[in-house]
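Student: take this sequence and fold it.
(2 chains)
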Amino acid sequence: MREGLQSCDTCGLLSRPAADEGEGRCPRCDETLEFRKPDSLQRTWAFLIAAAVCYIPANVLPVLTTTTAAGAESDTILQGVVLLWSPSGWPLSIIVLVASIMIPSAKIIALAYLLISVHRGSIRNNEQRIRLYRTVEFIGRWSMVDVFVDTFTAALIQLQPLMSVEPGPGLFFFAAVVVLTMLAVESFDPRLIWDATNMREVRYD
Amino acid sequence: MYSRVYNQPLADTSLVGCPHCDLLQRLPELAPGGSARCPRCNEELWRRREDALNRTLALTIAATVLFLVANSVPMLGLTIVGRAASTTVIGGAAHLWQDGQRIVAGLVLLTAVIAPALQIGFMFAIALGAHRERPRRWVGVLLRHHPTTRLWSMIEVMMLGVLVALIKIADYATVIPGMALFVLGVLIFLLAGIQANFDPKEVWDRIEWADTGSRRERAENRLAETQG
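Tutor: Got it, this is the predicted structure:
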């Protein structure tokens, strides 16, 4: 960016914008080039705040309703974790706890930290921050586990009048949290982490 | 407004900007199997694969067959006091749809069926199209969108979800793991294998450039000017 060159996010080609034209297109793969992802911070904040809002109903509303001869019972995600906890089933309980509760909340906190540090022009811990970004990017998709668990449990247990399982309203909000945090990660431009450091280098040379 | 003007490529094509920290650097020539990382942020910039296209094509053909099988046979079944039920991947999404959870059903269909289908299909077309010495433009279009299909393709996540559901249900009923479950298990490794063997940079280096038309136009204009 400092040299006025643009590198293509898609095919990796480095190219020079035509004079007076500003940002152009990649001559190799036709991608529209931007020095940084457009409005990266605003978009990431928007997705992140939406995700944080959905996070509350996702945990308060039931994701599954089990109907048996004895009556109906609704479970939230946390209750599902508790139900899975047994002498033989505790590893599963931990998988669901990590994927459905710890990963989404850790993701929201981590992204908020990255955004705030970029806003403040922080030049510290760049390596750790980029590593944090990569970790969030890598583990985010695993939060979908609970959506699949509930989908297939509900699809399979359809034995009226004996027992049936229906998805609850919490499932929609939970899926929304997963998708919104994934979109937030995608709209964040990791190069912003380094920009404050780059500026400083300019001052020194 | 998006610009319609093409940038000028640099004379030195080994110069790149790191996608994660924008550090300007020169990519070294690599031996097959070697990889280059950014010295500042440690992002892997390029890993050169051996015989990338043929291996990718072979794995993709296998993945196509397995994907078709996985979506046409039952994945999970159960029996309880003489009654039996079974479901396929699509059946799971269809049931959510009937229960009124249409958006979630769409998301399940997207991440478990549509995105993997596109991921495998795109890769199949790319591997075939890149066999030309100078791959056509459409190969670049697919190559451009392939990472998006990969992002939303979550077969491995679904697999974990199905296993958790299976053990959960085993408390109430006898669960019968279906054929599709095993096929999906193999498919996950094939998809990882495709990812490990494919070298997008190798294809990008040979592809027909997007600005070919406009470059020819400019050359023709210059020719017309000198003649006129």
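Student: how about stretch B:30-48, which residues are buried there?
Tutor: Going by neighbour count (16 or more other C-beta atoms under 10 Å in any protein chain shown), the buried part of stretch B:30-48 is B:36, B:38, B:40-41, B:43, B:45-46, B:48. Every residue, glycine included, has its C-beta placed from N, CA and C.
Student: make TSV from the residues you listed and add distance to residue A:84, secondary structure and pLDDT to it.
Tutor: Rendered in TSV, the data for the buried residues of stretch B:30-48 read as follows (distance: C-beta to C-beta, whole Å; DSSP: H, G, I helix; E, B strand; the rest coil; pLDDT from 0 to 100):
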residue	distance to residue A:84	secondary structure	pLDDT
B:36	45	strand	87
B:38	42	coil	87
B:40	44	coil	84
B:41	39	coil	84
B:43	38	coil	84
B:45	42	strand	84
B:46	43	strand	85
B:48	45	coil	82
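Student: pull the CA atoms of stretch B:155-169 into CSV?
Tutor: Taking Å, rounded to 0.1, in the frame of the first residue of the first chain, the C-alpha atoms of stretch B:155-169 are listed here in CSV:
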residue,chain,number,x,y,z
ILE,B,155,-19.2,-31.8,6.0
GLU,B,156,-16.7,-32.5,8.7
VAL,B,157,-18.7,-30.4,11.2
MET,B,158,-21.9,-32.2,10.2
MET,B,159,-20.1,-35.5,10.8
LEU,B,160,-19.3,-34.5,14.4
GLY,B,161,-22.9,-33.3,14.8
VAL,B,162,-24.3,-36.6,13.5
LEU,B,163,-22.1,-38.6,15.8
VAL,B,164,-23.2,-36.6,18.8
ALA,B,165,-26.8,-37.0,17.8
LEU,B,166,-26.3,-40.7,17.3
ILE,B,167,-24.9,-41.2,20.8
LYS,B,168,-27.6,-39.0,22.3
ILE,B,169,-30.4,-41.0,20.6
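Student: which residues are contacting it?
Tutor: For stretch B:155-169, the external contacting residues (C-beta atoms under 8 Å, 6 or more residues apart in numbering or on different chains) are A:84, A:89, A:92, A:95-96, A:99, A:141-142, A:144-153, A:156-157, B:75-76, B:78, B:89, B:111-112, B:116, B:175, B:177, B:181, B:184-185, B:187-188, B:191.
Student: go again using 6 Å as the cut-off
Tutor: By C-beta atoms under 6 Å, 6 or more residues apart in numbering or on different chains, the list of residues contacting stretch B:155-169 from outside reads A:92, A:141-142, A:144-145, A:148-149, A:152-153, B:112, B:116, B:175, B:184, B:188.
Student: for residue A:179, state which of the residues you listed is nearest.
Tutor: residue A:144 (8.8 Å; C-beta to C-beta).
Student: secondary structure element for the residue lying closest to the closest one once chain neighbours are set aside?
Tutor: Counting by C-beta to C-beta, 6 or more residues apart in numbering or on different chains, residue A:144 lies nearest to residue B:157, which is 4.8 Å off, once chain neighbours are set aside. Residue B:157 is located in helix B:155-169, with elements delineated by DSSP states H and E.
Student: which residues in chain B form helices?
Tutor: Assigned by DSSP state H, chain B shows helices spanning B:52-70, B:89-98, B:102-109, B:115-129, B:137-152, B:155-169, B:179-197, B:200-206, B:212-227.
Student: CSV for those helices, including mean neighbour count, mean pLDDT and distance to residue B:16?
Tutor: Below are the helices of chain B laid out as CSV (neighbours: other C-beta atoms under 10 Å in any protein chain shown; pLDDT from 0 to 100; distance: least, C-beta to C-beta, whole Å):
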stretch, mean neighbour count, mean pLDDT, distance to residue B:16
helix B:52-70, 19, 92, 19
helix B:89-98, 20, 88, 40
helix B:102-109, 20, 92, 36
helix B:115-129, 21, 93, 21
helix B:137-152, 18, 89, 17
helix B:155-169, 22, 89, 30
helix B:179-197, 18, 92, 21
helix B:200-206, 17, 84, 10
helix B:212-227, 10, 63, 22
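Student: need the ones you listed in CSV (columns: distance to residue A:53).
Tutor: Converted to CSV, these look like this (distance: least, C-beta to C-beta, whole Å):
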stretch, distance to residue A:53
helix B:52-70, 36
helix B:89-98, 23
helix B:102-109, 16
helix B:115-129, 26
helix B:137-152, 23
helix B:155-169, 24
helix B:179-197, 34
helix B:200-206, 37
helix B:212-227, 46
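Student: in chain A, which residue sits closest to chain B?
Tutor: The minimum distance from chain A to chain B, using C-beta to the nearest C-beta, falls at residue A:148 (2.7 Å).
Student: that residue and residue B:96: what is the separation?
Tutor: 11 Å (C-beta to C-beta, to the nearest Å).
Student: and for residue B:114?
Tutor: Counting by C-beta to C-beta, the gap from residue B:114 to residue B:96 is 15 Å.
Student: all set now, cheers.
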